[in-house]
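*Asks:* I would like to see how this sequence folds:
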Amino acid sequence: MKQIFTLTLTLFSLWLHAQQNCTNALAVTPGIHNVTFMNGSQVPQPVCASGSNNSPFRGAWYAYTPTELLTAHVSTAGSDSDTRVHIYKGSCSSLVCVGGNDDSSPGYYTSFAQFTAEPGITYFIAFDDNWDSDDFSFTLGENEYTPPLFTPYLLNSNIEGYRRYVADMNGDYLDDIIFPNYAGNLVEIMYQRYDGSGFDMGTLTSTENSMSNYNPSWSIAVGDYNNDGLNDLLYGSQGGAMVLLTNSTLTSFDTLIKTQQYVFSQRTNFVDIDNDGNLDAFVCHDTGANIFLMNDGNGGGIWKQSGVNGAPDLGSYPTGGDYGSIWTDYDSDGDIDLFIAKCQGANNDAAIDELHRNNGDGTFTNVADELGFADYHQSWASAWADYDNDGNMDVLVGGHTSLNVGNIIVTSSSKLMKNNGNGTFTNVTLGSGYDTLTTTSREYLAHDFDNDGFVDIIGGGSAVSGIGNIIMYNNGNFSFSPVIVPFPPGPVGDLNNDGFLDVQNDNKIYFGHDNGNNWLKVTLRGTESNRNGIGARVEVFTSATEKQIREIRSGDGFQYMSTLNAHFGLGSNEAIDHVVIKWPSGIVDTIENPGVNQTIHIVEGIGLGLTEKNSPTISLYPNPAKDLLSINGASLDIVKANIYDLTGRLVKTADVNDATVPVQQLAKGTYIIILNDKSGKQHTAKFIKE
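*Replies:* Residues are numbered from 1 along each chain as shown. Reported below is the predicted structural model:
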């Protein structure tokens with residue numbers, strides 16, 4: 001017995017030693033494996049997972065060599081430890097990240113990483129004690145190879161800050177990445193290049209020290225609050241909310257409009273509540289009635305509280321419980337309504353969701369009870385979209401925590417509600433795929449990720465896989481199929497201008513793959529309505545009867561800000577019959593037969609303003625222009641510009657200096673500009689003079 005015991009200790013010691021560093025990584029095959037951290041072990045580098053780095057000092061190493069092309073995954077789901085995993089290939093002296101994850105399995109603290117495993121290649125699976133040093137186990141799994149839906153791209157930025165957000169910030173209608181820096185009074189912007197080659201860094205600062213006291217601990221919204229052509233920010237923090245107005249040179253925030261009272265802010269939105277053509281700022285309050293800043297049209301405004309001193313009722317429950325607000329025209333009557341996802345514990349009336357119908361006269365009525373939304377369902381977010389392409393906004397009310405049914409606590413599932421088109425809804429959760437979910441999420445975001453023409457949903461988890469972080473791909477018939485993705489929800493936009501939606505997540509972008517499906521992007525410029533067109537409905541008809549709809553919203557899910565552009569997947573459709581834009585003002589613009597796989601820019605009341613073709617050469621901004629027209633594509637060395645009106649008459653010739661053309665003397669209207677570069681080549685584009 002003594003000899004056997006000694007042998008067991010020796011083998012255990014060798015096993016521990018084998019996992020201490022890359023050189024002696026323990027060889028593993030599919031199955032369950034134990035992880036134990038030891039002092040003196042090698043810390044995994046480089047870091048392949050998004051999130052904070054707490055200077056770990058121990059690691060555990062494993063080596064995996066597949067024999068055929070597979071899709072492999074590593075999961076610590078079910079563990080009580082807070083884990084972080086890195087997956088490498090290459091040599092131990094020159095490791096290259098191929099995957100990694102922190103907080104992606106159910107509960108947010110365990111890990112799930114999926115990667116393409118090539119035959120004969122050794123992959124190193126390494127864990128660190130960044131969060132926890134307790135023992136745990138992981139599962140290595142293999143599946144039939146499927147091409148990845150997304151490709152990770154590591155951002156070249158070491159800036160520490162709050163969650164990132166996606167929206168255009170410099171007026172060129174390309175999605176940029178915004179991340180407030182909690183270390184000081186500044187916001188970092190990664191401006192997207194037109195050719196999709198990457199980003200250029202910029203910084204906006206503020207001279208007010210109080211800016212850092214309002215950092216967006218929960219959410220942010222983006223919109224042009226003062227209608228000057230550049231977007232502004234709305235912060236929601238644990239102690240209040242604040243609107244930050246950018247200056248004309250996009251270098252600083254010259255004005256901060258802060259709440260005067262305590263507000264435990266959750267979801268924030270820019271929205272034109274009174275439809276006067278100016279964006280207002282709405283803030284969900286976790287511990288009281290909601291508040292909103294009513295825009296005075298001069299860059300200022302008055303903070304009001306819901307239901308107080310004649311203010312409209314936009315969520316007035318005295319103890320709050322207000323988490324995820326989404327503004328949507330659920331009854332298709334042309335004015336914007338408000339849904340509030342609520343979560344404040346079982347049997348607490350503050351957790352009952354609210355749907356505030358816009359009565360069109362400055363008042364709102366909560367109709368949640370009569371439409372089947374007023375229950376104790378615990379949710380932080382809702383995903384509104386037309387899931388069956390019938391022209392009506394449906395909704396998934398996401399499950400976040402437990403649900404109280406007859407004083408019995410059961411696992412909360414998400415609730416899928418079909419809009420019947422007559423002001424009522426039907427619960428269609430059963431058989432949708434959401435009836436089998438057992439995990440929960442604070443985030444649910446609705447976007448068409450595969451460009452097949454049906455809106456998908458990211459968020460939640462799958463009972464089939466037992467893994468968190470999925471996209472529920474829409475089958476078009478109110479059923480959804482779960483597909484595991486290696487990242488949690490994040491802000492969504494087209495971050496390489498290729499027509500496929502991408503997800504930004506901490507220090508990575510997950511670029512959507514071009515799968516051959518066609519697409520259309522629509523960007524808006526309001527004139528009578530707010531400049532962003534927030535609240536507008538965009539309809540794309542691929543035939544006289546087949547259509548899709550999108551709404552322009554500021555604020556996505558519970559905490560994120562996603563693109564302000566309308567994105568449509570078209571599947572195999574190679575032609576568009578027409579596009580309709582229904583503006584908040586009531587103006588309707590119709591564009592006949594636009595081409596596919598392009599971006600069209602619509603100016604309210606004018607129609608087609610600029611067609612940005614699939615070309616990496618040039619773009620013009622701002623467009624419409626007032627005084628100066630700037631050329632994005634300076635590497636072409638543009639030297640001369642000829643401007644023609646739509647009759648073909650030459651109205652201006654100018655030498656080009658510093659990639660700008662003065663246009664202040666032109667009359668309002670639409671023009672064609674022909675740009676000559678130094679090599680003699682010509683580049684043609686259209687712009688609007690306002």
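*Asks:* partner strands of the one helix or strand Val85 maps to, parallel or antiparallel?
*Replies:* Secondary-structure assignment from DSSP states H and E places Val85 in strand 84-91. Strand pairing for strand 84-91, using DSSP bridges, gives strand 94-102 (antiparallel), strand 123-128 (antiparallel).
*Asks:* contacts made by the first one with the rest, please.
*Replies:* Contacts with strand 94-102, where a contact means CB atoms under 8 Å, 6 or more residues apart in numbering, come from 22, 45-51, 74, 83-90, 111-116, 123-124, 130-131, 152, 154, 486-487. The C-beta positions use only the backbone N, C-alpha and C, and glycine is treated the same way.
*Asks:* for the stretch 151-300 of the chain, what spans make up the strands?
*Replies:* 165-167, 176-181, 186-192, 199-205, 219-223, 232-236, 241-246, 253-258, 265-271, 280-285, 291-295 (DSSP state E, counting those that start in this stretch).
*Asks:* before we move on, the earlier item: so which of the strands paired with strand 84-91 is the most surrounded?
*Replies:* Highest mean neighbour count among the strands paired with strand 84-91 (mean count of other CB atoms under 10 Å): strand 123-128, with a mean of 25.
*Asks:* quick one: name whatever helix or strand follows that one.
*Replies:* strand 136-144.
*Asks:* that following strand versus strand 123-128: what angle between them?
*Replies:* 150 degrees (axes from the mean of the first three to the mean of the last three CA atoms, to 10 degrees).
*Asks:* so which residue is dead centre in the chain?
*Replies:* Pro491 (1.8 Å; CA atoms, centre = their mean).
*Asks:* the closest residue to that residue other than its chain neighbours: neighbouring residues, count only.
*Replies:* Once flanking residues are discounted, Pro491 sits nearest to Val166: 3.9 Å by CB to CB, 6 or more residues apart in numbering. Counted by other CB atoms under 10 Å, the residues lying close to Val166 total 28.
*Asks:* got it, and Gln260?
*Replies:* Around Gln260 sit 8 other residues, with neighbours defined as other CB under 10 Å.
*Asks:* for the closest residue to it other than its chain neighbours, give its distance to Asn309.
*Replies:* Take Gln260 and drop its neighbours on the chain: the residue closest to it by CB to CB, 6+ apart is Trp303, 6.4 Å away. When CB to CB, to the nearest Å is the yardstick, Trp303 and Asn309 sit 12 Å from each other.
*Asks:* so for these two, which sits in the more crowded spot?
*Replies:* Trp303 (20 against 6).
*Asks:* in contact with the more buried one, which residues are there?
*Replies:* 259-261, 291-293.
*Asks:* in three-state terms, label it for me.
*Replies:* strand (DSSP: H, G, I helix; E, B strand; the rest coil).
*Asks:* and the gap between it and Val222?
*Replies:* For Trp303, the distance to Val222 - CB to CB - is 20 Å.
*Asks:* then Asn359?
*Replies:* For Asn359, the distance to Val222 - CB to CB - is 28 Å.
*Asks:* Ile581 bridge partners, please.
*Replies:* Val538, Asp589.
*Asks:* just checking, it touches Asp589?
*Replies:* Yes. Counting by CB atoms under 8 Å, Ile581 does reach Asp589; the two are 4.5 Å apart.
*Asks:* anything in contact with each of the two?
*Replies:* Joint contacts of Ile581 and Asp589 (CB under 8 Å, 6+ apart) are 602, 604.
*Asks:* settle it for me: which of these two has more neighbours?
*Replies:* Ile581 (24 against 20).
*Asks:* show me what contacts that one?
*Replies:* So Ile581 contacts 522, 524, 533, 536-539, 588-591, 602, 604 (CB under 8 Å, 6+ apart).
*Asks:* recalculate using a threshold of 6 Å.
*Replies:* Ile581 sits next to 536, 538, 589, 602 when contact means CB atoms under 6 Å, 6 or more residues apart in numbering.
*Asks:* and what of Trp218?
*Replies:* 236, 265-266, 559.
*Asks:* quick check: closest non-adjacent residue to it.
*Replies:* Trp218 sits nearest to Gly236 (CB to CB, 6+ apart), 4.9 Å away.
*Asks:* so that neighbour sits against Ala221, correct?
*Replies:* No. Under the criterion of CB atoms under 6 Å, Gly236 is not in contact with Ala221, lying 7.9 Å apart.
*Asks:* between these two, what contacts are shared?
*Replies:* Thr268.
*Asks:* with adjacent residues omitted, what lies nearest to Gln20?
*Replies:* Ser41 (4.1 Å).
*Asks:* okay, the one you found and Trp131: tell me how far apart.
*Replies:* Ser41 sits 16 Å away from Trp131 when distances are taken as CB to CB.
*Asks:* now do Arg267
*Replies:* In terms of CB to CB, Arg267 sits 28 Å off from Trp131.
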